[in-house]
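[1] Provide a 3D model corresponding to the input given below.
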Amino acid sequence: MEEQVVIEGIVSGVVFHNSENGYTVFSVETEFDENKNTESGDEVVCVGTIPEISEGENIKITGSFVVHPTYGKQLNVLIYEKTIPTTEKGIERYLASRVIKGIGPRMANKIVSEFGIETFDVLENYPEKLAAIRGISEAKAISICEIFHEQAELRRAVLYLQDYGISPVYAMKIYKRFKDNTLKVVQKNPYILADEIFGIGFKMADTIAEKVGIEKTSSFRIESGIKFILNKEANNGNVYMPIQPLIEESTKLLSVLPETVEDIIMRLNMTKQLWVEDDSEMGRIVFLNSFFYSESYVAKKIVELSLAKVDQNSNYAKEISDFEKKNGITLAKNQKLAVKEAMQNGALVITGGPGTGKTTTINTIIKILTGEGYDISLAAPTGRAARRMTETTGIEAQTIHRLLGITFLSDDSKRQSFDRNEDNPLETDVLIVDESSMVDIVLMHNLLKAVAYGTRLILVGDVDQLPSVGPGNVLKDIINSGCVKVVRLNEIFRQAEQSAIVMNAHRINRGEYPVLNEKEKDFFFMKRVETNNVSNTILDLVSSRLPKYLKCDTKDIQILTPMKKAPLGTINLNSLLQERLNPKDPYKAEKPFRKLIFREGDKVMQIKNNYNMTWTVFDRKRRKIDEGVGIFNGDEGIIERIDNDSEYIEVLFDDCKVVRYDFTQLDELELSYAVTIHKSQGSEYKAVIIPIYFGPEMLLNRNLIYTAITRAKELAVLVGIPEVLYKMIDNNKQVDRFTQLKKRIKEMKEVALY
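    Modelled structure (predicted):
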């Protein structure tokens, strides 16, 4: 049997790491060896299965030396333990890794140079000594020491969690959520982490559970796996799953018997953690509770609003005529119909494509109803859409989230709560919601809870665009239920007819091919066959050609692509665009994060709803003039500042909100020089560039290219292969989402009229 040795030291480099099986080759600069096999300062090459390890970590290893025929002497790791460092070099590296907020590499060097191996003792017990260091005030010294005290348990939790392959970033998120109960939670049921912590999914929790010793047949594990699959389907837009596909996917994921999965599903149904019901076409179907209750409530409230009696002004025709004369316009037949229905119904949907006069119709409704003394509120799903609504109506519009008033929650940002609800409804007579196709079932549920009985609801949107990113197909289901008044605007106005963007969008929506490259138009196709030529053309367009042509900033130009991966997906294009538009600069701070580098001046997007994130609006003299909470999926901004010492990034969003992101929150941001077409919903850009290239059939469809083109305000440029564009237009297949809203509205209407 080979002799075992124990070494302790600092990880000086990671040569190779396989994230799939954890096999790692790394080097350790030793501090001592209990068996005298190495001298202090030696570098030992180690190999073994370690889920996650980083340069600078202190580690204690038990193992045996082997001689590899090619790579020579190596220490084969049998047992490892990450520890608190005890040498000056180790302490400095530990502090420099930003475990303690407020201490970066330079400050770590100053502190350790002054106090050596007594550094931790000083941080814990003698803050006044810390203040003797130049650059550390007495107040900052006290603050650092307080944080050190507060983080004593955190440090223990981080070191413990690292043994289970959890990175320090996620370890800190877990600790913030569970505090002193962290270790108990992880040991008893780590699957809770998948429910509670953004970024930790079932698979990571499953890996932890295996290390903790939880059996594969544990009910905790099977319950979590079932919910994981339902949530995954929700990310694809589905409100429920038929039970058989759910059982099959769960069985495959969990490696357990189908009967076991079915038993757990029914148990979750009995304990009201899932909802199971029978459908005449699909058989038994399974919902996460939140989606079932959301659908049921939306159906009930939509029917109530649609049946509500409202004041009916018989002189609406005269009022419309007076409005036309006063404003020098002539409304189309269906525009007049929309105004009439808005005055006579408690719920109304107005839908239409670009150039069909939705804005004029809304303005007419607003003017006539306000003239009669009604209070009107305007809302939209995104900040950009709300700002555009404000500009076109002259009345302040808010995001739906802000209209409802987000309640500041604890660190558990997966849950949302709003101030406005049945007990505290919106104080308005009429609510008009633009870009309604973007509203998912959960947001619509929260919105309708705040709409008092008797308030008129007007939903405006283009039903032919992509459905919401979140679960449901709300606008389409409401329209197709046949139980709510719907007016379709289908006449393209003369001014809009001058726009090739508008005309080609309507051609595409009808399944016709667009007219390409007419002179002095705003719609162009640049044929490029090779992917490198496509990406190089896009880079040239963004960096020089279009800013000169449109006399605009590069930030006014947005690349929209169907995909995230692939050479022309967002990941690769963002890397290329960052290098071209915002290259490395000694005067610009930057922060590496996973496979990204965030740099001052970068264009970024928030990729999840964070109902707790604080924002501030400043005037030109940096005086605070407004503040609130809530940053949402799809919000875009520019990185104004990166402070590596204090560990935060400041982002200025489009609506002048400044948000400070702690380094532990950077998984909520991504570069947004290029974004997916789905992420562009509700936004409007001066110019858009769309790569047209081969890809998965489900991403190459008419609905997608129609949505992308309608995001362009002044110019749309398509770059790639014409035949792929034609293939997209010919492909009118839309993946049907599993929803029950249309059916529920019909059933509620029948009951109400019975």
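
[2] In the stretch 401-550 of the chain, mark out all the strands, start to finish.
    In the stretch 401-550 of the chain, the strands defined using DSSP state E, counting those that start in this stretch lie at 430-433, 456-461, 485-489, 523-527.

[3] Likewise for the stretch 601-750 of the chain?
    603-606, 610-618, 624-631, 636-643, 648-653, 658-662, 669-671, 674-676, 685-692, 712-720.

[4] Out of those strands, flag the one nearest L596.
    strand 669-671 (6.6 Å; C-beta to C-beta). Where you see a C-beta, it was placed from the backbone N, CA and C, and this is true even at glycine.

[5] by contact count, what packs against the closest one?
    helix 570-581, strand 596-599, strand 603-606 (3 or more C-beta pairs under 8 Å, 6 or more residues apart in numbering; DSSP states H and E).

[6] In a markdown table: those, plus mean neighbour count.
    Compiled in a markdown table, these are given as follows (neighbours: other C-beta atoms under 10 Å):
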| stretch | mean neighbour count |
| --- | --- |
| helix 570-581 | 19 |
| strand 596-599 | 19 |
| strand 603-606 | 22 |
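
[7] among these, which is nearest I400?
    strand 603-606 (15.7 Å).

[8] I figured R702 hits I508, correct?
    Yes: R702 is within contact range of I508, at 6.3 Å (criterion: C-beta atoms under 8 Å).

[9] follow-up on the earlier one: do you know which of the strands of the stretch 401-550 of the chain lies nearest V310?
    Across the strands of the stretch 401-550 of the chain, closest to V310 is strand 456-461 (C-beta to C-beta), at 6.1 Å.

[10] Quick one: mean pLDDT over that closest one.
    Strand 456-461 comes out with an average pLDDT of 97.

[11] how far off strand 485-489 does it point, in degrees?
    Interaxial angle, strand 456-461 versus strand 485-489 (axes from the mean of the first three to the mean of the last three C-alpha atoms, to 10 degrees): 40 degrees.

[12] And strand 456-461, how far out from the chain middle?
    Distance, stretch centre to chain centre, for strand 456-461: 26 Å (C-alpha atoms, centre = their mean, to the nearest Å).

[13] Not counting its own residues, what contacts that strand?
    Residues from elsewhere that reach strand 456-461 (C-beta atoms under 8 Å, 6 or more residues apart in numbering): 305, 310, 342, 345-351, 358, 362, 365, 429-438, 448, 451, 475, 478.

[14] From the residues you listed, list the buried ones, please.
    Using 16 or more other C-beta atoms under 10 Å as the burial test, the contacts of strand 456-461 include 305, 310, 342, 345-351, 358, 362, 365, 429-438, 448, 451, 475, 478 as buried.

[15] and those residues, which of them are in helices?
    If you go by DSSP state H, the buried ones among the contacts of strand 456-461 have L305, A342, K358, I362, I365, L448, L475, I478 in helices.

[16] Would you agree the last one is in contact with L741?
    I take that to be I478. Yes: here I478 reaches L741: they are 7.3 Å apart, a contact under C-beta under 8 Å.

[17] what number of residues lie near the residue nearest to Q465 when sequence neighbours are not counted?
    Once flanking residues are discounted, Q465 sits nearest to T707: 4.6 Å by C-beta to C-beta, 6 or more residues apart in numbering. A count of neighbours around T707, defined by other C-beta atoms under 10 Å, yields 21.

[18] Low-confidence regions, the stretch 451-600 of the chain specifically.
    Scanning the stretch 451-600 of the chain for pLDDT under 70 picks out 494-496, 519-520.

[19] any chance you could map the helices in it?
    474-481, 494-497, 500-509, 531-540, 546-550, 570-581 (DSSP state H, counting those that start in this stretch).

[20] Show me what the top strand by length along the chain is in contact with.
    Ranked by number of residues, the top strand in the chain under DSSP state E is strand 5-17. Identification of contacts with strand 5-17 by C-beta under 8 Å, 6+ apart yields 23-35, 37-38, 43-45, 53-65, 75, 83, 85, 87, 89-90, 93.

[21] Quick check: neighbours of that strand in the sheet, parallel or antiparallel?
    strand 23-33 (antiparallel), strand 58-68 (antiparallel) (DSSP bridges).

[22] Give the buried residues for it.
    V5, I7, E8, G9, I10, V11, V14, H17.

[23] Now do it, average pLDDT.
    Strand 5-17 comes out at a mean pLDDT of 85.

[24] Then stretch 676-691?
    The model assigns stretch 676-691 a mean pLDDT of 91.

[25] Would you mind listing the residues in contact with S218?
    Here S218 is in contact with A209 (C-beta under 8 Å, 6+ apart).

[26] ok, back up a step: make TSV out of the helices and strands packed on strand 669-671 and add distance to K624.
    TSV is the format used below for those (distance: least, C-beta to C-beta, whole Å):
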stretch	distance to K624
helix 570-581	31
strand 596-599	25
strand 603-606	21
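
[27] what about these, which gets the closest to N421?
    Short answer: strand 603-606, nearest of those by C-beta to C-beta, at 24.9 Å.

[28] so E435 makes contact with R384?
    No: using C-beta under 8 Å, E435 is not in contact with R384; the gap is 9.2 Å.

[29] which residues are common contacts for those two?
    G682.

[30] what's the neighbour count on L718?
    24.

[31] I meant to write K686 there.
    16.

[32] what's around the nearest residue to it once chain neighbours are set aside, how many residues?
    Leaving aside its chain neighbours, K686 sits nearest to D556 (4.0 Å; criterion: C-beta to C-beta, 6+ apart). Neighbourhood size, D556 [other C-beta under 10 Å]: 16.

[33] can you pull the contacts of D556?
    L550, Y685, K686, A687.

[34] Swap in 10 Å and give it another go.
    Taking C-beta atoms under 10 Å, 6 or more residues apart in numbering, we find D556 in contact with L546, P547, L550, Y685, K686, A687, K713, E714, L715.

[35] So which other helices or strands are in contact with whichever helix or strand L230 is part of?
    Using DSSP states H and E, L230 sits in helix 219-235. Judged by 3 or more C-beta pairs under 10 Å, 6 or more residues apart in numbering; DSSP states H and E, helix 219-235 is in contact with helix 192-196, helix 202-212, strand 240-242, helix 243-254, helix 258-270, strand 274-279, strand 283-288, helix 289-307.
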